[in-house]
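> Next comes the sequence, and after it the predicted model I'd like to discuss.
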Amino acid sequence: MDHNAQLYRGLLAIRRFETLLMAQFKTGIFPGTTHTSLGQEANAVGVLTHLAEDDVVVSNHRCHGHFLAYGGNPQALFAELMGKPSGVCGGVGGSQHLHWRNFYSSGVQGGTVAMAAGMALAEKRAGRGAIVIDFMGDGTLGEGIVYECLNMISLWQLPILLVLENNQIAQTTPASLAVAGSIQQRFAAFGIQTVELDSSDVLEILPLAGDLIRQVRSQREPRALIVTTARLGSHSKGDDTRSPRELERLWQARDPLTIQAGRLSEDTRKAVEADVEAAIQGAFAAALAAEGGMR
Amino acid sequence: MSDHVPRTVLDSLNLGLHQAMHDDPDVVLLGEDLLDPYGGAFKVARGLSSAFPKQVLTTPISEAGITGIAGGMALRGLRPVVEIMFGDFTTLIADQVINHLAKFNGMYHGQAQAPVVIRTPMGGRRGYGPTHSQTLEKYFLGVPGLTVLAPFNLLGEDPLGAPGQLLCEAILRGDSPALFVEHKLQYLLKLHATQELAEYSVSVHHMGVQFDRPFYALRLKSAPAAQITLAAYGYMAQLALDALHQLAYEDEIFCELLVPTQLAPFELAPLFEAVARTGRLLTIEEGTFSLGWGAEVLARTAETLGSGLRTAGRLAAREGVIPVAPNLEAESLPGTADIIRRVREMV
Ligand SMILES: Cc1ncc(C[n+]2csc(CCOP(=O)(O)OP(=O)(O)O)c2C)c(N)n1
Ligand SMILES: [Mg+2]
């Protein structure tokens, strides 16, 4: 498969996983709630394509895309969301508390930055050359512990790439009501070299993330990547207060799937789509058939 | 390690930290103002940064951050120890302890562990006033996944002394996060050697799986059967022991003192056995009265013994701020005289 098709496959696997999840939520097989990464798939794929075997990934409440791009098994994730013993964490953690290999996510805003910093400190001491990648949202910049940790990440020169997915909204609160001043300067104030990018295009995110990850790996010091992106779905199951017009505009301009699909021949695109459809449907069916869960 | 015999609780804890760092290079101590020659606000860390420079990390004033970072370190295989300068500031780490460290093992379905030991001095009686004198561990009792420990000032069998041994073992062998509650005045207490305790019969119930969290029972050797059971931990256990002694010699009231070193999870079998014999239980703690350690201990004892618990009482701090003025501070915290008065009322 060529490079562009491979990237499209990565994006589409996340997209199909989550659109199927949302469609099936109504049937009552998934307990609780969930946050999808609709519109932000290119961040997960663009950044995590560069991972090395021992690298560590820390994610937040919006973690399915990161988990799948990390190489997590969609069947185990579906099963986790169904609350089944065959799930990633036996159905205990659910949508926002995943741990598999070197992937960890948690649902308390800000605390994951501390987890990630501690892991980076452990990797630095171990000297194995592994790095930590930490995903966070713009709304999380309101938490004090983030700044305690940025300070220590810089003081101790921890090998970590902080990826701030700036979708300019937190649940229903636009960044204009929550974030003062400059985000970039917040990182810069602690002496963390930071790059900004406004894009939903995986081909733009990929090389930039690659550069930063190489720098973290070789210099053994932190970097931050601020990606201005768009949340195309609701915050969780169906709580979007943005207008249909606004959403329509975002879908037109900022859908990473549309952008990447445009680079493929129709045959290639269809082949990838058929392949992903079979994989995700198969994962869903197998998770559903496994014992446990809501019915 | 050294053949230095610890004399005080402070000595013993310091030796315990030295031993743990010596035995395992993955033990890393984080906290504020730790470096020599200062060695931490209460000197528990003295000497460590010189002996193990790679294992001591002095930090900014960021209690939540360093506790969360310690959690991440532990998830990746290290054995971090966090010093919180004053126990009052454990409020700042509550989210990290309750929603992060204590959750990891359960929420990741047993696939991750976070053995972080958080050490901190609680307690008053030094005139430090309302925000530097409190006893706040009750807010951390009953947090699933969190162990709460408090040492007792015995020398014990181990060359580290009992407090240092408990700390060292918790650091090296614990498999869950632990809050290790010290006390500012307990630091200065002498470790009771066996010969000094010759008057007492001391029985030790060994609790715990990965490491021993002794549950002590003390009574005067030649005394008749105890009429009342006292339960206390940490520094208050020493005050209770003083009260027990005076009550025997001045009032001919005979008590048995039960001292757990593991406060949470609550494992109270030795206490139930003792109260089954005396029918009376007084709990003694330095935290405020409502919803404290004693409330839970009494509830569990009543549930277990039913009418076997005839008389119950709790002694705790007055519910208000802890004043600086020595006379006012003394009135606000339970002391030996208060214990004696309560026991006289109950027997
Ligand atoms: C400490 C804390 N406060 C509130 C919440 C509830 N909550 C979950 S996600 C979220 C919004 C987060 O916004 P942002 O960081 O921008 O991430 P996004 O959802 O946009 O990906 C909120 C308020 C939480 N999980 N943790
Ligand atoms: Mg956001």
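Yep, that arrived. Ligands and ions are numbered 1, 2, ... in the order given.

> give me the residue from the stretch 101-250 of chain A nearest ligand 1.
Nearest residue of the stretch 101-250 of chain A to ligand 1: residue A:137, at 2.2 Å (Cβ to the nearest ligand atom). (Each C-beta comes from the backbone N, C-alpha and C, glycine too.)

> ok, that residue - how many residues close by?
For residue A:137, the neighbour count with other Cβ atoms under 10 Å in any protein chain shown is 23.

> Bridged to it, which residues?
In this entry, residue A:137 is beta-bridged to residue A:165, by DSSP bridges.

> Can you give me the buried ones in stretch B:74-89?
By neighbour count on 16 or more other Cβ atoms under 10 Å in any protein chain shown, the buried set for stretch B:74-89 is B:74-76, B:78-89.

> pLDDT score assigned to the residue in chain B positioned nearest to ligand 1?
Ranking the residues of chain B by distance to ligand 1 (Cβ to the nearest ligand atom) places residue B:95 first, at 7.6 Å. As summarised for this prediction, residue B:95 has a pLDDT of 98.

> That one is in what secondary structure piece?
Per DSSP states H and E, residue B:95 falls inside helix B:94-95.

> Residues touching that helix, excluding its own?
Applying Cβ atoms under 8 Å, 6 or more residues apart in numbering or on different chains, the contact partners of helix B:94-95 are A:108, A:111, B:64, B:139, B:140.

> So which of the buried residues of stretch B:74-89 are in strands?
Secondary structure from DSSP state E places B:79, B:80, B:81, B:82, B:83 of the buried residues of stretch B:74-89 in strands.

> what sits against the residue nearest in space to the middle of chain A?
Nearest residue to the geometric centre of chain A (Cα atoms, centre = their mean): residue A:66, 3.7 Å. If a contact means Cβ under 8 Å, 6+ apart, then residue A:66 has A:37, A:44, A:48, A:57, A:59, A:103, A:105, A:135 as its contacts.

> Can you classify it by secondary structure?
When classified by DSSP: H, G, I helix; E, B strand; the rest coil, residue A:66 comes out as helix.

> again with residue B:235
Put simply, residue B:235 is helix when judged by three-state DSSP.

> That one contacts residue B:188, correct?
No: using Cβ atoms under 8 Å, residue B:235 is not in contact with residue B:188; the gap is 9.9 Å.

> Could you check which of the two is surrounded by more residues?
Shown here are residue B:235 and residue B:188; by other Cβ under 10 Å, residue B:235 has more neighbours (29 against 12).

> for that one, what are its contacts?
Neighbour list for residue B:235: B:123, B:183, B:185, B:186, B:189, B:286 [criterion: Cβ under 8 Å, 6+ apart].

> cool, residue A:77 as well?
So residue A:77 contacts A:17, A:64, A:67, A:68, A:87, A:88, A:98, A:283 (Cβ under 8 Å, 6+ apart).

> hang on, isn't the fifth one packed against residue A:76?
When you say that, I think you mean residue A:87. Yes: assessed by Cβ under 8 Å, residue A:87 is found in contact with residue A:76 at 6.0 Å.

> tell me, what's touching these two both at once?
Contact criterion Cβ under 8 Å, 6+ apart; residues shared by residue A:87 and residue A:76: residue A:287.

> More neighbours: which of these two?
Regarding residue A:87 and residue A:76, a neighbour count based on other Cβ under 10 Å identifies residue A:87 as having more, with 25 against 21.

> could you measure the more buried one against residue A:156, distance?
To residue A:156, residue A:87 is 35 Å away according to Cβ to Cβ, to the nearest Å.

> repeat for residue B:300
44 Å.

> for residue B:13, same thing?
Separation of residue B:13 from residue A:156 (Cβ to Cβ) stands at 26 Å.

> Which one of the two is surrounded by more residues?
For residue B:13 and residue A:156, the more surrounded residue by other Cβ under 10 Å is residue B:13, and the numbers stand at 28 against 16.

> Is that one within a helix or a strand, and which one?
Assignment of secondary structure by DSSP H and E places residue B:13 within helix B:9-23.

> do that helix and chain A meet?
No: looking at helix B:9-23 against chain A by Cβ under 8 Å from any Cβ of the partner chain, there are no contacts, and the closest approach is 13.7 Å.

> State the mean pLDDT of that helix.
The average pLDDT for helix B:9-23 rounds to 98.

> Can I get whichever helix or strand comes after it in PDB, CA atoms only?
Beyond helix B:9-23 in the direction of the C-terminus, DSSP H and E gives the next helix or strand as strand B:27-31. C-alpha atoms of strand B:27-31 as PDB (Å, rounded to 0.1, in the frame of the first residue of the first chain):
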ATOM      1  CA  VAL B  27      14.100   4.500  45.000                       C
ATOM      2  CA  VAL B  28      13.900   8.300  44.300                       C
ATOM      3  CA  LEU B  29      12.900  10.900  46.900                       C
ATOM      4  CA  LEU B  30      11.200  14.100  45.700                       C
ATOM      5  CA  GLY B  31      10.300  17.100  47.800                       C
END
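
> What is whatever helix or strand comes next after strand B:27-31 packed up against?
Downstream of strand B:27-31, the next assigned helix or strand under DSSP H and E is helix B:48-51. Here helix B:48-51 touches helix B:9-23, strand B:56-58, going by 3 or more Cβ pairs under 8 Å, 6 or more residues apart in numbering or on different chains; DSSP states H and E.

> Of those, which is nearest residue A:31?
Residue A:31 sits nearest to strand B:56-58 of all those, at 41.2 Å, using Cβ to Cβ.

> if we can go back for a sec, which two among the contacts of residue B:235 are spaced furthest apart?
For these, the farthest-apart pair by Cβ to Cβ is B:189 and B:286; their separation is 14.2 Å.
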